[in-house]
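Chemist: let's see this in three dimensions:
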Amino acid sequence: MPQYTSPEVVVQRQLDAYNAKNLEAWLSTYAPDAKQFELGGALLADGLAQIRARAVARFQEPHLHAQLIRRETFGNVVIDHEDITRNFPEGPGRAELVCVYVVEKGLIQSASFAMGPQTLFKA
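Modeler: So this is what the prediction gives:
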């Protein structure tokens with residue numbers, strides 16, 4: 001029987017790769033058939049090709065960073081509450097984000113996101 005990394009370790013590896021802007025390392029935490037959703041519904045990406053397409057421009061953002069506020073793990077489900085910094089279309093700023101990850105066999109199978117209001121940095 002194969003040994004898999006704990007869901008919390010997988011999600012931390014994903015967060016570390018995100019903050020390092022290492023797209024390939026970040027994608028390596030997702031299953032080939034992974035899906036990303038808005039929390040509560042809408043499909044954002046289906047499979048690694050679509051997940052990559054959504055992330056390419058984001059990983060080029062100069063202000064990209066996610067600070068973990070709190071993490072809860074329930075079996076194979078990991079819930080992160082983060083304070084993120086991004087380059088939004090309106091300009092650089094921050095927002096709180098809730099991420100719900102389902103991890104199976106050492107890879108993220110699905111990720112669902114809910115973003116709070118954006119606060120733009122003052123010029």
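Chemist: only C-alpha atoms for contact and neighbour calcs from this point on.
Modeler: Noted.
Chemist: where's Ala66, which helix or strand?
Modeler: strand 65-74 (DSSP states H and E).
Chemist: so what touches that strand?
Modeler: With Cα atoms under 8 Å, 6 or more residues apart in numbering as the test, strand 65-74 has contacts from 7-8, 15, 18-19, 78-86.
Chemist: and which of those is nearest to Gln50?
Modeler: Tyr18 (16.7 Å; Cα to Cα).
Chemist: beyond the longest helix along the chain, next helix or strand please.
Modeler: Ordering each helix of the chain by length in residues (DSSP state H) puts helix 7-19 first. Heading C-terminal from helix 7-19, the first helix or strand you meet, by DSSP H and E, is helix 23-27.
Chemist: buried ones in that following helix, by neighbour count?
Modeler: Within helix 23-27, the residues that count as buried by 16 or more other Cα atoms under 10 Å are 23, 26-27.
Chemist: can you add distance to Leu43 and pLDDT and give the residues you listed back as TSV?
Modeler: Output for the buried residues of helix 23-27, formatted as TSV (distance: Cα to Cα, whole Å; pLDDT from 0 to 100):
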residue	distance to Leu43	pLDDT
Leu23	21	97
Trp26	20	98
Leu27	18	98
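Chemist: stretch 30-50: which residues count as buried?
Modeler: 30-32, 34-38, 45, 47-48.
Chemist: show me where the protein has its strands.
Modeler: In the chain, the segments counted as strands under DSSP state E are 30-38, 43-46, 65-74, 77-88, 91-104, 107-115, 119-120.
Chemist: can you list the neighbours in contact with the fifth one?
Modeler: Identification of contacts with strand 91-104 by Cα under 8 Å, 6+ apart yields 7, 10-11, 39, 63, 76-87, 108-121.
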